[in-house]
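Chemist: Attaching a predicted model along with its sequence, questions to come.
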Amino acid sequence: MQIFLQKALFYLLISIPLFFNLSCSKEQITSNNVTTKCTPEVLPNQYKAIFINDLLPGATSNSPVAVFKFDQSLKSYSNTSCKSKSNECETHLKIQNISGYDIRISYSINYAHGINAWSVDGFADIMQDSTFDGGLLNCNCSWISVGSMEVLKKNVTYKN
């Protein structure tokens, strides 16, 4: 019986390094996978501002009443080993009320650059000297700074 226990202990001691060696192999495979994972290049944000004019109450000519502020972020895979992976883009909107009144503004936004085009309709209630967060508009990857961006004011109403 003592010989059986000695042999069992011997085989157990021999198999422990083999077990740890297999475990290290898995770590090496995992670490190789981490190095081949694609990390996108974060490009500088693009910004665009468009002023909207309207006739303020009691005024005789149009003046700026709101500023549509666009902020676009882009993560590119073009300089990585995953060149075929699609870029990641987001365009966000904030509307600043500069009229001196509380306003409700309805609008359409149209963007075009080559075959990339999108449009958004919306409205915002904005207190005077405040900014409305319009959130995410789209995930189109054409730069807003180079395309044709148009904000069409549909209607503006003023509250005292």
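Modeler: Right, received. Where do you want to start? Residues are numbered from 1 along each chain as shown.

Chemist: Bridged to the most centrally placed residue in the chain, which residues?
Modeler: Against the mean C-alpha coordinate of the chain, by CA atoms, centre = their mean, the closest residue is residue 90 at 3.5 Å. With DSSP bridges as the criterion, residue 90 is bridged to residue 73.

Chemist: Relative to residue 54, how far out is residue 124?
Modeler: Separation of residue 124 from residue 54 (CB to CB, to the nearest Å) stands at 14 Å. Bear in mind the C-beta positions are built from the backbone N, C-alpha and C, glycine included.

Chemist: hmm, back to that, my guess is the residue nearest to the centre of the chain meets residue 75, correct?
Modeler: No. Taking CB atoms under 8 Å as the definition, residue 90 is not a contact partner of residue 75, at 9.2 Å.

Chemist: quick one: buried residues of the helix or strand containing residue 68?
Modeler: For residue 68, the host element (DSSP states H and E) is strand 63-76. Using 16 or more other CB atoms under 10 Å as the test for burial, strand 63-76 gives 65-72, 74-76.

Chemist: which helices and strands sit right next to it?
Modeler: strand 41-54, strand 88-97, strand 102-113, strand 148-159 (3 or more CB pairs under 8 Å, 6 or more residues apart in numbering; DSSP states H and E).

Chemist: Try it again at 7 Å.
Modeler: strand 41-54, strand 88-97 (3 or more CB pairs under 7 Å, 6 or more residues apart in numbering; DSSP states H and E).

Chemist: Next, format the ones you listed as TSV and append distance to residue 158 and mean pLDDT.
Modeler: Shown next, in TSV, are the helices and strands packed on strand 63-76 (distance: least, CB to CB, whole Å; pLDDT from 0 to 100):
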stretch	distance to residue 158	mean pLDDT
strand 41-54	9	95
strand 88-97	10	96
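
Chemist: Would you convert those into CSV that also reports distance to residue 111?
Modeler: As requested, the helices and strands packed on strand 63-76 are exported to CSV (distance: least, CB to CB, whole Å):
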stretch, distance to residue 111
strand 41-54, 10
strand 88-97, 8
